[in-house]
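1. the following block contains a protein sequence and its predicted model.
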Amino acid sequence: MRTGLSKDLIARVLGGAPKYTIAELEEKFPPRNLPEGAMVTRFAPSPTGFVHIGNVYGMLIDKMLAHQSNGVFYLRVEDTDTARTVEGGVEIINAVAEKLGLATNEGPIQGGNYGPYYQSQRKDIYHSVAAGLLASGKAYPCFMTQKEMDAVRETQEKSGIPTGIYGDYARDRDLTEKEIIARLDVGEIPSIRWYSTGDESRKVFVKDVARGSITIPEWNKDEVLIKSGDGLPTYHFAHLCDDHFMRTTHVVRDESWLGTAALHVMLFAMMGWSTPLYYHTPTLDKIDEETGNRRKLSKRKDPEFSVANWWNEGWPAEAILEYLFNLIASGYEEEKLKKPGTTIWNYPIKLKKMPTSGALFDMKKLEWWAREFIASMDELKYEITDRVMDWAKEYSPEWFARIKENKEYLHNVLNIERDNPKRIRKDFITWKQTLEEVAYFFDDKFPSSRGVPPEGAGCGSNNIDTPALCATPLPKGNLVLREFLKTFDINDDKDTWWKKIQEIATRVGISNGDAAMALRVALTGRTNTPDLYSIMQVMGDARVRNRINATI
(Lines give C-alpha, C1' and ligand atoms only; values in the text may rest on other atoms or scores of the structure.)
Protein backbone atom coordinates (compact mmCIF):
# COMPACT_ATOMS: atom_id res chain seq x y z
CA MET A 1 0.00 0.00 0.00
CA ARG A 2 1.32 3.44 -0.93
CA THR A 3 2.53 5.63 1.97
CA GLY A 4 1.52 9.28 2.22
CA LEU A 5 3.46 12.31 3.41
CA SER A 6 3.96 13.42 7.00
CA LYS A 7 1.89 16.27 8.43
CA ASP A 8 4.85 18.65 8.55
CA LEU A 9 5.85 17.93 4.95
CA ILE A 10 2.29 18.38 3.76
CA ALA A 11 2.28 21.84 5.35
CA ARG A 12 5.48 22.71 3.48
CA VAL A 13 4.16 21.37 0.17
CA LEU A 14 0.90 23.34 0.50
CA GLY A 15 2.55 26.49 1.82
CA GLY A 16 0.82 26.18 5.18
CA ALA A 17 -1.03 23.76 7.41
CA PRO A 18 -4.55 22.84 6.25
CA LYS A 19 -7.33 24.68 8.06
CA TYR A 20 -9.66 21.68 8.30
CA THR A 21 -9.67 17.93 8.30
CA ILE A 22 -12.02 16.27 5.84
CA ALA A 23 -14.15 15.15 8.79
CA GLU A 24 -14.45 18.75 9.94
CA LEU A 25 -15.56 19.81 6.46
CA GLU A 26 -18.24 17.12 6.50
CA GLU A 27 -19.51 18.57 9.76
CA LYS A 28 -19.27 22.17 8.53
CA PHE A 29 -21.26 21.38 5.35
CA PRO A 30 -23.72 18.62 6.33
CA PRO A 31 -26.27 17.07 3.96
CA ARG A 32 -29.03 19.57 3.25
CA ASN A 33 -32.29 19.27 5.13
CA LEU A 34 -34.60 18.97 2.13
CA PRO A 35 -37.67 16.90 1.23
CA GLU A 36 -37.06 13.44 -0.17
CA GLY A 37 -36.31 13.62 -3.89
CA ALA A 38 -35.35 17.32 -3.77
CA MET A 39 -32.66 18.19 -6.28
CA VAL A 40 -29.75 20.53 -5.66
CA THR A 41 -28.50 22.06 -8.89
CA ARG A 42 -25.95 24.72 -9.68
CA PHE A 43 -25.09 27.22 -12.38
CA ALA A 44 -21.32 27.48 -12.30
CA PRO A 45 -20.02 29.92 -14.93
CA SER A 46 -16.75 31.80 -15.18
CA PRO A 47 -17.30 35.55 -14.64
CA THR A 48 -16.17 36.53 -18.14
CA GLY A 49 -18.92 39.13 -18.61
CA PHE A 50 -20.32 37.10 -21.52
CA VAL A 51 -23.46 35.00 -21.13
CA HIS A 52 -24.57 32.92 -24.10
CA ILE A 53 -27.72 31.07 -25.03
CA GLY A 54 -26.17 27.73 -24.07
CA ASN A 55 -25.68 29.08 -20.53
CA VAL A 56 -29.35 30.01 -20.41
CA TYR A 57 -30.36 26.59 -21.76
CA GLY A 58 -28.48 24.85 -18.94
CA MET A 59 -29.58 27.40 -16.35
CA LEU A 60 -33.23 26.83 -17.28
CA ILE A 61 -32.88 23.07 -16.76
CA ASP A 62 -31.11 23.64 -13.42
CA LYS A 63 -33.85 25.98 -12.26
CA MET A 64 -36.69 23.71 -13.38
CA LEU A 65 -35.25 20.59 -11.71
CA ALA A 66 -34.82 22.41 -8.41
CA HIS A 67 -38.19 24.17 -8.72
CA GLN A 68 -40.31 21.11 -9.43
CA SER A 69 -38.63 19.02 -6.70
CA ASN A 70 -38.70 21.70 -3.97
CA GLY A 71 -34.93 21.72 -4.06
CA VAL A 72 -32.20 24.37 -4.28
CA PHE A 73 -30.67 26.13 -7.28
CA TYR A 74 -27.46 27.99 -6.48
CA LEU A 75 -24.86 30.09 -8.28
CA ARG A 76 -21.20 29.15 -7.87
CA VAL A 77 -18.68 31.42 -9.55
CA GLU A 78 -15.72 29.56 -11.03
CA ASP A 79 -13.19 32.37 -10.89
CA THR A 80 -9.99 30.41 -10.32
CA ASP A 81 -8.87 31.25 -13.86
CA THR A 82 -7.98 34.86 -13.10
CA ALA A 83 -7.13 35.60 -16.75
CA ARG A 84 -10.80 35.11 -17.72
CA THR A 85 -12.32 37.03 -14.82
CA VAL A 86 -13.93 40.35 -15.74
CA GLU A 87 -14.85 43.03 -13.23
CA GLY A 88 -18.62 43.12 -12.84
CA GLY A 89 -18.96 39.66 -14.38
CA VAL A 90 -20.96 38.30 -11.45
CA GLU A 91 -23.37 41.23 -11.55
CA ILE A 92 -23.95 40.53 -15.25
CA ILE A 93 -24.72 36.88 -14.49
CA ASN A 94 -27.14 37.81 -11.72
CA ALA A 95 -28.84 40.43 -13.90
CA VAL A 96 -29.42 37.86 -16.65
CA ALA A 97 -30.82 35.36 -14.15
CA GLU A 98 -33.15 37.98 -12.66
CA LYS A 99 -34.34 39.23 -16.05
CA LEU A 100 -35.13 35.71 -17.17
CA GLY A 101 -36.90 34.79 -13.96
CA LEU A 102 -34.19 32.22 -13.18
CA ALA A 103 -32.91 33.72 -9.94
CA THR A 104 -30.91 31.36 -7.74
CA ASN A 105 -31.73 30.49 -4.14
CA GLU A 106 -28.13 30.90 -3.02
CA GLY A 107 -25.08 32.63 -4.41
CA PRO A 108 -22.45 35.34 -3.94
CA ILE A 109 -25.09 38.07 -3.60
CA GLN A 110 -27.89 36.16 -1.85
CA GLY A 111 -25.53 34.25 0.46
CA GLY A 112 -26.30 30.84 1.95
CA ASN A 113 -24.97 28.22 4.37
CA TYR A 114 -22.80 26.40 1.83
CA GLY A 115 -20.54 29.24 0.71
CA PRO A 116 -18.30 30.95 -0.03
CA TYR A 117 -19.80 30.96 -3.52
CA TYR A 118 -16.64 32.21 -5.22
CA GLN A 119 -14.16 29.41 -5.86
CA SER A 120 -11.29 31.83 -5.29
CA GLN A 121 -12.51 32.16 -1.68
CA ARG A 122 -12.66 28.39 -1.09
CA LYS A 123 -8.90 27.79 -1.11
CA ASP A 124 -8.92 26.50 2.48
CA ILE A 125 -11.40 23.80 1.47
CA TYR A 126 -9.37 22.66 -1.53
CA HIS A 127 -6.10 22.62 0.41
CA SER A 128 -7.69 20.70 3.26
CA VAL A 129 -8.94 17.99 0.90
CA ALA A 130 -5.59 17.96 -0.92
CA ALA A 131 -3.84 17.51 2.46
CA GLY A 132 -5.96 14.44 3.11
CA LEU A 133 -5.01 13.02 -0.30
CA LEU A 134 -1.30 13.71 0.28
CA ALA A 135 -1.54 12.02 3.67
CA SER A 136 -3.13 8.90 2.18
CA GLY A 137 -0.81 8.71 -0.84
CA LYS A 138 -3.61 9.41 -3.32
CA ALA A 139 -1.88 12.61 -4.43
CA TYR A 140 1.74 13.74 -4.69
CA PRO A 141 3.79 16.92 -5.19
CA CYS A 142 5.05 17.33 -8.76
CA PHE A 143 7.97 19.67 -9.52
CA MET A 144 7.88 19.37 -13.31
CA THR A 145 8.21 22.75 -15.00
CA GLN A 146 6.14 23.87 -17.97
CA LYS A 147 9.21 23.45 -20.17
CA GLU A 148 9.64 19.86 -19.01
CA MET A 149 5.97 19.07 -19.58
CA ASP A 150 6.12 20.60 -23.05
CA ALA A 151 9.10 18.35 -23.86
CA VAL A 152 7.11 15.31 -22.69
CA ARG A 153 4.18 16.31 -24.89
CA GLU A 154 6.45 16.77 -27.91
CA THR A 155 7.96 13.31 -27.40
CA GLN A 156 4.53 11.73 -27.06
CA GLU A 157 3.20 13.45 -30.17
CA LYS A 158 6.21 12.28 -32.21
CA SER A 159 5.60 8.74 -30.98
CA GLY A 160 1.90 8.93 -31.77
CA ILE A 161 0.79 8.10 -28.24
CA PRO A 162 -1.74 9.90 -25.96
CA THR A 163 -0.32 13.06 -24.40
CA GLY A 164 -0.26 13.76 -20.68
CA ILE A 165 1.56 12.99 -17.47
CA TYR A 166 1.06 9.29 -16.77
CA GLY A 167 3.03 6.09 -16.24
CA ASP A 168 6.75 6.55 -16.87
CA TYR A 169 6.13 10.17 -17.92
CA ALA A 170 4.92 11.01 -14.40
CA ARG A 171 8.46 11.66 -13.23
CA ASP A 172 7.73 12.72 -9.66
CA ARG A 173 4.95 10.35 -8.65
CA ASP A 174 7.22 8.20 -6.47
CA LEU A 175 9.59 10.78 -4.98
CA THR A 176 10.72 10.00 -1.43
CA GLU A 177 10.19 12.49 1.39
CA LYS A 178 13.91 13.20 1.31
CA GLU A 179 13.79 14.04 -2.40
CA ILE A 180 10.74 16.24 -1.92
CA ILE A 181 12.40 18.13 0.94
CA ALA A 182 15.53 18.68 -1.16
CA ARG A 183 13.50 20.29 -3.94
CA LEU A 184 11.56 22.44 -1.50
CA ASP A 185 14.81 23.56 0.12
CA VAL A 186 16.05 25.05 -3.17
CA GLY A 187 12.81 26.99 -3.62
CA GLU A 188 10.94 24.80 -6.08
CA ILE A 189 7.14 25.12 -5.80
CA PRO A 190 5.20 21.99 -6.69
CA SER A 191 1.76 21.40 -8.10
CA ILE A 192 -0.31 18.65 -6.52
CA ARG A 193 -1.19 15.76 -8.83
CA TRP A 194 -3.62 12.91 -8.46
CA TYR A 195 -1.89 9.52 -8.17
CA SER A 196 -3.98 7.76 -10.79
CA THR A 197 -4.36 4.00 -10.76
CA GLY A 198 -6.52 4.04 -13.89
CA ASP A 199 -5.94 1.70 -16.80
CA GLU A 200 -7.36 2.51 -20.24
CA SER A 201 -7.90 -1.20 -20.86
CA ARG A 202 -10.52 -1.16 -18.08
CA LYS A 203 -13.89 0.58 -18.20
CA VAL A 204 -15.71 2.96 -15.91
CA PHE A 205 -19.46 3.57 -15.96
CA VAL A 206 -20.77 7.14 -16.09
CA LYS A 207 -24.42 7.65 -15.22
CA ASP A 208 -26.23 10.16 -17.43
CA VAL A 209 -29.88 10.71 -16.51
CA ALA A 210 -31.02 10.81 -20.15
CA ARG A 211 -28.46 8.62 -21.92
CA GLY A 212 -28.31 5.96 -19.23
CA SER A 213 -25.07 4.27 -18.22
CA ILE A 214 -22.17 5.21 -20.51
CA THR A 215 -19.07 3.04 -20.66
CA ILE A 216 -15.79 4.96 -20.91
CA PRO A 217 -12.14 3.84 -20.52
CA GLU A 218 -10.66 4.58 -17.11
CA TRP A 219 -8.67 7.79 -16.70
CA ASN A 220 -4.97 6.98 -16.38
CA LYS A 221 -3.42 10.45 -16.33
CA ASP A 222 -2.05 12.06 -13.17
CA GLU A 223 -4.13 15.23 -13.42
CA VAL A 224 -3.13 18.39 -11.58
CA LEU A 225 -5.37 19.06 -8.58
CA ILE A 226 -3.70 22.19 -7.16
CA LYS A 227 -1.74 24.50 -9.47
CA SER A 228 1.80 25.54 -8.53
CA GLY A 229 1.53 29.18 -9.56
CA ASP A 230 -1.34 30.44 -7.39
CA GLY A 231 -2.20 27.44 -5.26
CA LEU A 232 -5.74 27.38 -6.71
CA PRO A 233 -7.46 24.21 -7.87
CA THR A 234 -8.00 23.02 -11.41
CA TYR A 235 -11.59 22.76 -12.63
CA HIS A 236 -11.62 19.00 -12.07
CA PHE A 237 -10.58 19.19 -8.42
CA ALA A 238 -12.74 22.22 -7.60
CA HIS A 239 -15.75 20.48 -9.17
CA LEU A 240 -15.09 17.44 -6.96
CA CYS A 241 -14.82 19.38 -3.69
CA ASP A 242 -17.54 21.93 -4.38
CA ASP A 243 -20.22 19.57 -5.67
CA HIS A 244 -19.68 17.34 -2.64
CA PHE A 245 -19.55 19.95 0.10
CA MET A 246 -22.28 22.09 -1.46
CA ARG A 247 -24.29 18.87 -1.67
CA THR A 248 -25.07 19.05 -5.39
CA THR A 249 -27.29 16.17 -6.50
CA HIS A 250 -27.58 16.89 -10.26
CA VAL A 251 -25.05 18.47 -12.60
CA VAL A 252 -26.27 19.90 -15.90
CA ARG A 253 -23.43 20.59 -18.34
CA ASP A 254 -22.53 20.60 -22.01
CA GLU A 255 -21.96 17.23 -23.67
CA SER A 256 -18.35 18.23 -24.36
CA TRP A 257 -17.69 17.27 -20.71
CA LEU A 258 -18.37 13.62 -21.54
CA GLY A 259 -14.71 13.43 -22.51
CA THR A 260 -13.59 13.93 -18.90
CA ALA A 261 -16.58 12.32 -17.18
CA ALA A 262 -14.50 9.22 -16.36
CA LEU A 263 -12.01 11.38 -14.46
CA HIS A 264 -14.77 12.98 -12.39
CA VAL A 265 -16.47 9.68 -11.56
CA MET A 266 -13.12 8.15 -10.54
CA LEU A 267 -12.25 11.15 -8.34
CA PHE A 268 -15.56 10.83 -6.48
CA ALA A 269 -14.99 7.09 -6.08
CA MET A 270 -11.46 7.71 -4.76
CA MET A 271 -12.89 10.00 -2.07
CA GLY A 272 -15.69 7.57 -1.22
CA TRP A 273 -18.26 10.27 -2.04
CA SER A 274 -21.55 9.88 -3.91
CA THR A 275 -21.23 11.04 -7.50
CA PRO A 276 -23.86 13.58 -8.62
CA LEU A 277 -26.17 12.52 -11.41
CA TYR A 278 -25.07 14.13 -14.67
CA TYR A 279 -27.13 15.41 -17.57
CA HIS A 280 -24.97 16.29 -20.56
CA THR A 281 -26.95 18.73 -22.67
CA PRO A 282 -26.83 18.33 -26.47
CA THR A 283 -25.60 21.14 -28.68
CA LEU A 284 -27.81 23.95 -29.92
CA ASP A 285 -27.59 23.88 -33.71
CA LYS A 286 -28.80 26.01 -36.60
CA ILE A 287 -29.04 25.75 -40.35
CA ASP A 288 -26.19 27.70 -41.90
CA GLU A 289 -27.60 30.32 -44.27
CA GLU A 290 -24.65 30.03 -46.66
CA THR A 291 -24.22 26.25 -46.89
CA GLY A 292 -27.66 25.01 -45.90
CA ASN A 293 -25.97 22.55 -43.57
CA ARG A 294 -26.66 22.05 -39.90
CA ARG A 295 -23.97 23.30 -37.52
CA LYS A 296 -23.45 24.27 -33.90
CA LEU A 297 -24.35 27.84 -32.88
CA SER A 298 -21.21 29.95 -33.00
CA LYS A 299 -20.11 32.85 -30.82
CA ARG A 300 -18.23 34.32 -33.78
CA LYS A 301 -20.88 33.88 -36.49
CA ASP A 302 -24.27 34.07 -34.80
CA PRO A 303 -25.66 37.16 -33.05
CA GLU A 304 -28.36 35.01 -31.45
CA PHE A 305 -25.62 33.22 -29.48
CA SER A 306 -25.12 36.22 -27.17
CA VAL A 307 -27.71 37.03 -24.50
CA ALA A 308 -26.62 40.69 -24.65
CA ASN A 309 -27.84 40.76 -28.26
CA TRP A 310 -31.22 39.41 -27.15
CA TRP A 311 -31.63 42.33 -24.78
CA ASN A 312 -30.39 44.87 -27.34
CA GLU A 313 -33.03 43.66 -29.79
CA GLY A 314 -35.71 43.62 -27.09
CA TRP A 315 -36.70 39.96 -27.11
CA PRO A 316 -39.17 39.19 -24.30
CA ALA A 317 -37.40 37.05 -21.71
CA GLU A 318 -40.55 34.95 -21.30
CA ALA A 319 -40.62 34.05 -24.99
CA ILE A 320 -36.97 33.02 -24.94
CA LEU A 321 -37.62 30.78 -21.95
CA GLU A 322 -40.74 29.22 -23.47
CA TYR A 323 -38.95 28.54 -26.73
CA LEU A 324 -35.94 26.95 -24.99
CA PHE A 325 -38.22 25.02 -22.65
CA ASN A 326 -40.03 23.52 -25.62
CA LEU A 327 -36.66 22.22 -26.86
CA ILE A 328 -36.26 20.52 -23.48
CA ALA A 329 -39.86 19.28 -23.07
CA SER A 330 -41.14 18.58 -26.57
CA GLY A 331 -44.77 18.22 -25.51
CA TYR A 332 -44.96 21.69 -24.00
CA GLU A 333 -46.17 23.52 -27.12
CA GLU A 334 -49.01 21.08 -27.70
CA GLU A 335 -50.09 21.37 -24.05
CA LYS A 336 -49.89 25.17 -24.25
CA LEU A 337 -52.18 25.22 -27.29
CA LYS A 338 -54.69 22.98 -25.53
CA LYS A 339 -54.49 24.80 -22.21
CA PRO A 340 -53.31 28.42 -22.62
CA GLY A 341 -52.91 28.71 -18.85
CA THR A 342 -50.02 26.24 -18.95
CA THR A 343 -46.62 27.75 -18.14
CA ILE A 344 -43.12 26.36 -17.88
CA TRP A 345 -43.50 26.48 -14.11
CA ASN A 346 -46.43 24.07 -13.96
CA TYR A 347 -45.34 21.70 -16.73
CA PRO A 348 -43.13 18.92 -15.31
CA ILE A 349 -40.04 17.71 -17.12
CA LYS A 350 -38.84 14.13 -16.82
CA LEU A 351 -35.12 13.42 -16.62
CA LYS A 352 -35.26 10.21 -18.61
CA LYS A 353 -37.03 12.00 -21.47
CA MET A 354 -34.58 14.88 -21.75
CA PRO A 355 -33.14 15.32 -25.27
CA THR A 356 -29.84 13.62 -26.09
CA SER A 357 -29.32 14.87 -29.66
CA GLY A 358 -28.67 18.40 -30.87
CA ALA A 359 -31.65 20.76 -30.81
CA LEU A 360 -32.27 22.94 -33.88
CA PHE A 361 -32.43 26.60 -32.95
CA ASP A 362 -35.05 28.10 -35.26
CA MET A 363 -35.44 31.89 -35.24
CA LYS A 364 -38.79 31.68 -37.00
CA LYS A 365 -40.09 29.44 -34.25
CA LEU A 366 -38.76 31.79 -31.61
CA GLU A 367 -40.61 34.62 -33.38
CA TRP A 368 -43.80 32.56 -33.11
CA TRP A 369 -43.35 32.16 -29.37
CA ALA A 370 -42.68 35.90 -29.04
CA ARG A 371 -45.79 36.81 -31.04
CA GLU A 372 -47.91 34.47 -28.93
CA PHE A 373 -46.49 35.81 -25.68
CA ILE A 374 -46.99 39.48 -26.53
CA ALA A 375 -50.48 38.72 -27.85
CA SER A 376 -51.34 37.24 -24.45
CA MET A 377 -50.36 40.39 -22.54
CA ASP A 378 -53.00 42.67 -21.04
CA GLU A 379 -52.55 46.09 -22.59
CA LEU A 380 -55.52 47.41 -20.63
CA LYS A 381 -53.04 47.20 -17.74
CA TYR A 382 -50.34 48.81 -19.91
CA GLU A 383 -48.30 45.59 -19.88
CA ILE A 384 -46.92 46.04 -23.40
CA THR A 385 -46.47 49.79 -23.03
CA ASP A 386 -44.51 49.42 -19.80
CA ARG A 387 -42.21 46.77 -21.23
CA VAL A 388 -41.60 48.79 -24.39
CA MET A 389 -40.79 51.90 -22.37
CA ASP A 390 -38.48 49.98 -20.03
CA TRP A 391 -36.60 48.61 -23.03
CA ALA A 392 -36.34 52.03 -24.70
CA LYS A 393 -35.09 53.64 -21.50
CA GLU A 394 -32.20 51.19 -21.29
CA TYR A 395 -31.38 50.47 -24.92
CA SER A 396 -32.73 53.27 -27.15
CA PRO A 397 -32.37 56.84 -25.84
CA GLU A 398 -33.77 58.16 -29.12
CA TRP A 399 -37.00 56.23 -28.78
CA PHE A 400 -37.28 56.90 -25.06
CA ALA A 401 -37.02 60.65 -25.65
CA ARG A 402 -39.87 60.33 -28.14
CA ILE A 403 -42.27 58.30 -25.99
CA LYS A 404 -41.52 59.22 -22.37
CA GLU A 405 -43.99 62.13 -22.44
CA ASN A 406 -46.43 60.28 -24.69
CA LYS A 407 -47.19 57.15 -22.70
CA GLU A 408 -50.95 57.43 -23.14
CA TYR A 409 -50.62 57.92 -26.89
CA LEU A 410 -48.27 54.91 -27.12
CA HIS A 411 -50.74 52.85 -25.08
CA ASN A 412 -53.59 53.77 -27.45
CA VAL A 413 -51.43 52.84 -30.43
CA LEU A 414 -50.47 49.45 -28.96
CA ASN A 415 -54.03 48.73 -27.89
CA ILE A 416 -55.41 48.80 -31.43
CA GLU A 417 -57.12 45.51 -32.38
CA ARG A 418 -56.83 44.04 -28.91
CA ASP A 419 -60.51 44.22 -27.99
CA ASN A 420 -61.46 40.87 -29.54
CA PRO A 421 -59.77 37.96 -27.67
CA LYS A 422 -60.30 35.68 -30.66
CA ARG A 423 -58.61 38.02 -33.14
CA ILE A 424 -55.84 39.80 -31.24
CA ARG A 425 -53.13 41.14 -33.52
CA LYS A 426 -49.89 39.15 -33.54
CA ASP A 427 -47.48 41.41 -35.38
CA PHE A 428 -45.32 42.33 -32.36
CA ILE A 429 -42.18 40.21 -31.86
CA THR A 430 -39.62 42.22 -29.90
CA TRP A 431 -39.85 45.52 -28.04
CA LYS A 432 -37.56 47.11 -30.61
CA GLN A 433 -39.58 45.73 -33.52
CA THR A 434 -42.82 46.79 -31.81
CA LEU A 435 -41.68 50.41 -31.86
CA GLU A 436 -40.53 50.09 -35.46
CA GLU A 437 -43.90 48.56 -36.36
CA VAL A 438 -45.81 51.56 -34.98
CA ALA A 439 -43.24 54.23 -35.87
CA TYR A 440 -45.57 55.80 -38.46
CA PHE A 441 -47.80 57.05 -35.64
CA PHE A 442 -45.06 59.50 -34.65
CA ASP A 443 -44.73 62.52 -36.92
CA ASP A 444 -40.92 62.73 -36.78
CA LYS A 445 -40.74 59.09 -37.95
CA PHE A 446 -43.23 59.65 -40.76
CA PRO A 447 -41.77 61.44 -43.83
CA SER A 448 -44.30 63.90 -45.14
CA SER A 449 -42.93 63.42 -48.65
CA ARG A 450 -44.35 59.91 -48.77
CA GLY A 451 -47.65 60.33 -50.54
CA VAL A 452 -50.29 58.38 -52.39
CA PRO A 453 -49.10 57.17 -55.79
CA PRO A 454 -51.08 59.06 -58.40
CA GLU A 455 -52.94 57.25 -61.12
CA GLY A 456 -50.54 55.35 -63.36
CA ALA A 457 -47.60 55.81 -61.00
CA GLY A 458 -44.83 53.26 -61.13
CA CYS A 459 -41.68 52.47 -59.17
CA GLY A 460 -39.87 55.36 -60.80
CA SER A 461 -42.08 58.02 -59.25
CA ASN A 462 -40.21 60.39 -56.95
CA ASN A 463 -42.89 60.39 -54.31
CA ILE A 464 -42.83 56.62 -53.75
CA ASP A 465 -40.25 55.36 -51.26
CA THR A 466 -41.99 52.21 -50.05
CA PRO A 467 -41.36 49.22 -52.34
CA ALA A 468 -44.73 47.69 -51.46
CA LEU A 469 -46.42 50.72 -53.00
CA CYS A 470 -44.66 50.44 -56.33
CA ALA A 471 -46.91 47.59 -57.37
CA THR A 472 -49.98 49.39 -56.05
CA PRO A 473 -50.67 52.58 -58.03
CA LEU A 474 -53.83 54.12 -56.62
CA PRO A 475 -56.21 55.58 -59.21
CA LYS A 476 -57.54 59.06 -58.37
CA GLY A 477 -55.84 58.94 -54.98
CA ASN A 478 -55.63 62.65 -54.36
CA LEU A 479 -59.23 63.13 -55.43
CA VAL A 480 -60.26 60.56 -52.81
CA LEU A 481 -58.32 62.45 -50.14
CA ARG A 482 -59.89 65.82 -51.08
CA GLU A 483 -63.36 64.34 -51.01
CA PHE A 484 -62.69 62.66 -47.67
CA LEU A 485 -61.68 65.92 -45.98
CA LYS A 486 -64.97 67.54 -47.03
CA THR A 487 -67.03 65.28 -44.74
CA PHE A 488 -64.45 63.94 -42.26
CA ASP A 489 -65.55 64.06 -38.62
CA ILE A 490 -63.34 62.41 -35.99
CA ASN A 491 -66.44 61.80 -33.86
CA ASP A 492 -68.10 59.55 -36.45
CA ASP A 493 -68.71 55.98 -35.36
CA LYS A 494 -67.20 53.26 -37.51
CA ASP A 495 -70.33 52.56 -39.54
CA THR A 496 -70.81 56.23 -40.40
CA TRP A 497 -67.11 56.56 -41.28
CA TRP A 498 -67.23 53.56 -43.60
CA LYS A 499 -70.44 54.72 -45.25
CA LYS A 500 -68.73 58.00 -46.15
CA ILE A 501 -65.82 56.12 -47.75
CA GLN A 502 -68.24 54.02 -49.79
CA GLU A 503 -69.99 57.15 -51.01
CA ILE A 504 -66.66 58.71 -52.01
CA ALA A 505 -65.68 55.57 -53.91
CA THR A 506 -68.99 55.66 -55.80
CA ARG A 507 -68.62 59.34 -56.70
CA VAL A 508 -65.03 58.98 -57.84
CA GLY A 509 -65.69 55.74 -59.67
CA ILE A 510 -63.30 53.35 -57.88
CA SER A 511 -63.71 50.40 -55.53
CA ASN A 512 -64.27 50.79 -51.79
CA GLY A 513 -60.93 49.06 -51.24
CA ASP A 514 -59.01 51.50 -53.42
CA ALA A 515 -60.61 54.44 -51.66
CA ALA A 516 -59.66 53.03 -48.25
CA MET A 517 -56.15 52.25 -49.53
CA ALA A 518 -55.64 55.89 -50.56
CA LEU A 519 -56.40 56.94 -46.99
CA ARG A 520 -54.27 54.12 -45.50
CA VAL A 521 -51.18 55.04 -47.49
CA ALA A 522 -51.60 58.77 -46.88
CA LEU A 523 -51.85 58.26 -43.11
CA THR A 524 -49.36 55.42 -42.58
CA GLY A 525 -47.19 55.11 -45.68
CA ARG A 526 -48.10 51.42 -45.72
CA THR A 527 -50.45 49.18 -47.64
CA ASN A 528 -50.94 46.75 -44.77
CA THR A 529 -51.92 48.01 -41.33
CA PRO A 530 -54.30 47.26 -38.48
CA ASP A 531 -57.84 48.60 -38.59
CA LEU A 532 -57.81 51.98 -40.39
CA TYR A 533 -60.71 53.48 -38.42
CA SER A 534 -58.90 52.68 -35.14
CA ILE A 535 -55.70 54.23 -36.51
CA MET A 536 -57.53 57.48 -37.27
CA GLN A 537 -59.17 57.53 -33.84
CA VAL A 538 -55.78 57.19 -32.16
CA MET A 539 -54.06 59.73 -34.42
CA GLY A 540 -56.78 62.30 -33.77
CA ASP A 541 -58.35 64.97 -35.96
CA ALA A 542 -55.37 67.29 -36.35
CA ARG A 543 -52.84 64.60 -37.24
CA VAL A 544 -55.21 62.98 -39.75
CA ARG A 545 -55.92 66.29 -41.49
CA ASN A 546 -52.27 67.34 -41.49
CA ARG A 547 -51.12 64.11 -43.11
CA ILE A 548 -53.84 64.11 -45.74
CA ASN A 549 -53.13 67.75 -46.60
CA ALA A 550 -49.41 67.07 -46.76
CA THR A 551 -50.06 64.22 -49.17
CA ILE A 552 -52.30 66.36 -51.36
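-> That came in fine, so what should we check first? Note that the structure is a prediction, hence the values are computed from the model and not measured.
2. element containing the closest residue to Tyr169 other than its chain neighbours?
-> In space, and not counting its chain neighbours, Tyr169 is closest to Val152: 5.2 Å by C-beta to C-beta, 6 or more residues apart in numbering. No exception for glycine: its C-beta is placed from N, CA and C like everyone else's. Element membership of Val152 [criterion: DSSP states H and E] is helix 146-159.
3. show me what counts as buried in that helix.
-> Buried residues in helix 146-159, defined by neighbour count with 16 or more other C-beta atoms under 10 Å: 149, 152, 156.
4. return the member of the residues you listed nearest to Pro233.
-> Using C-beta to C-beta, Met149 comes nearest to Pro233 of the buried residues of helix 146-159, at 18.2 Å.
5. so who does that closest one touch?
-> Listed by C-beta atoms under 8 Å, 6 or more residues apart in numbering, the contact partners of Met149 are Ile165.
6. rerun that using 10 Å as the cut-off
-> Taking C-beta atoms under 10 Å, 6 or more residues apart in numbering, we find Met149 in contact with 142, 163-165, 169, 171, 191, 224.
7. now for the residues you listed: which two are most distant?
-> Most distant of the contacts of Met149, by C-beta to C-beta, are Thr163 and Ser191, 17.0 Å apart.
8. okay, the two: which has more neighbours?
-> Ser191 (21 against 15; other C-beta atoms under 10 Å).
9. how about the more buried one: what's its closest non-neighbour residue?
-> Excluding the flanking residues, the one nearest Ser191 by C-beta to C-beta, 6+ apart is Ser228, at 4.1 Å.
10. the one you found - how many residues pack around it?
-> Look at Ser228: counted by other C-beta under 10 Å, it has 17 neighbours.
11. okay, Leu474: pLDDT?
-> Here, the pLDDT recorded for Leu474 equals 59.
12. using the three-state scheme, assign Val204.
-> What DSSP: H, G, I helix; E, B strand; the rest coil gives for Val204 is strand.
13. which strands and helices sit next to the helix or strand where Leu240 lies?
-> Assigned by DSSP H and E, Leu240 falls within helix 235-245. Here helix 235-245 is seen to pack against helix 22-28, strand 40-43, helix 123-136, strand 191-194, strand 224-226, strand 250-254, helix 261-271 when contacts are counted using 3 or more C-beta pairs under 10 Å, 6 or more residues apart in numbering; DSSP states H and E.
14. do you know which of the ones you listed lies nearest Pro108?
-> Pro108 lies closest, by C-beta to C-beta, to one member of the helices and strands packed on helix 235-245: strand 40-43, at 11.7 Å.
15. that closest one: partners in the sheet, and parallel or antiparallel?
-> Neighbouring strands of strand 40-43 in its sheet, by DSSP bridges, are strand 72-75 (parallel).
16. past the strand it pairs with, which element shows up next along the chain?
-> Sequence-wise, the next helix or strand downstream of strand 72-75 (DSSP H and E) is helix 89-100.
17. which residues are contacting that following helix?
-> Contacts for helix 89-100 (C-beta under 10 Å, 6+ apart): 43, 45-51, 55-56, 59-60, 63, 73, 75, 77, 79, 86, 88, 102-104, 107-110, 117-118, 307-308, 310-311, 317-318, 320-321, 324.
18. coming back round to it: now, of the helices and strands packed on helix 235-245, which is deepest in the fold?
-> strand 40-43 (a mean of 26; mean count of other C-beta atoms under 10 Å).
19. show me how far that strand is from its chain's centre.
-> With C-alpha atoms, centre = their mean, to the nearest Å as the basis, strand 40-43 stands 16 Å off its chain's centre.
20. what helices or strands is the strand or helix carrying Glu398 leaning on?
-> For Glu398, the host element (DSSP H and E) is helix 397-403. Packing contacts for helix 397-403, counted by 3+ C-beta pairs under 10 Å, 6+ apart, involve helix 383-395, helix 407-414, helix 431-437.
21. where does Ser256 land in three-state SS?
-> Recorded secondary structure, Ser256: helix (three-state DSSP).
22. can you count the residues close to it?
-> When counting by other C-beta under 10 Å, one arrives at 10 neighbours for Ser256.
23. that older thread, and the helices and strands packed on helix 235-245: which comes nearest Ser213?
-> Nearest of the helices and strands packed on helix 235-245 to Ser213, taken as C-beta to C-beta: helix 261-271 at 10.9 Å.
24. so what's the gap between that closest one and the chain middle?
-> 30 Å.
25. list the helices and strands that helix packs on?
-> Under the contact rule (3+ C-beta pairs under 10 Å, 6+ apart), helix 261-271 is packed against helix 123-136, strand 191-194, strand 203-208, strand 212-217, helix 235-245, strand 250-254, strand 277-281.
26. need the pLDDT of the residue nearest to Ser196 when sequence neighbours are not counted.
-> Once flanking residues are discounted, Ser196 sits nearest to Asp222: 5.1 Å by C-beta to C-beta, 6+ apart. On pLDDT, Asp222 comes in at 98.
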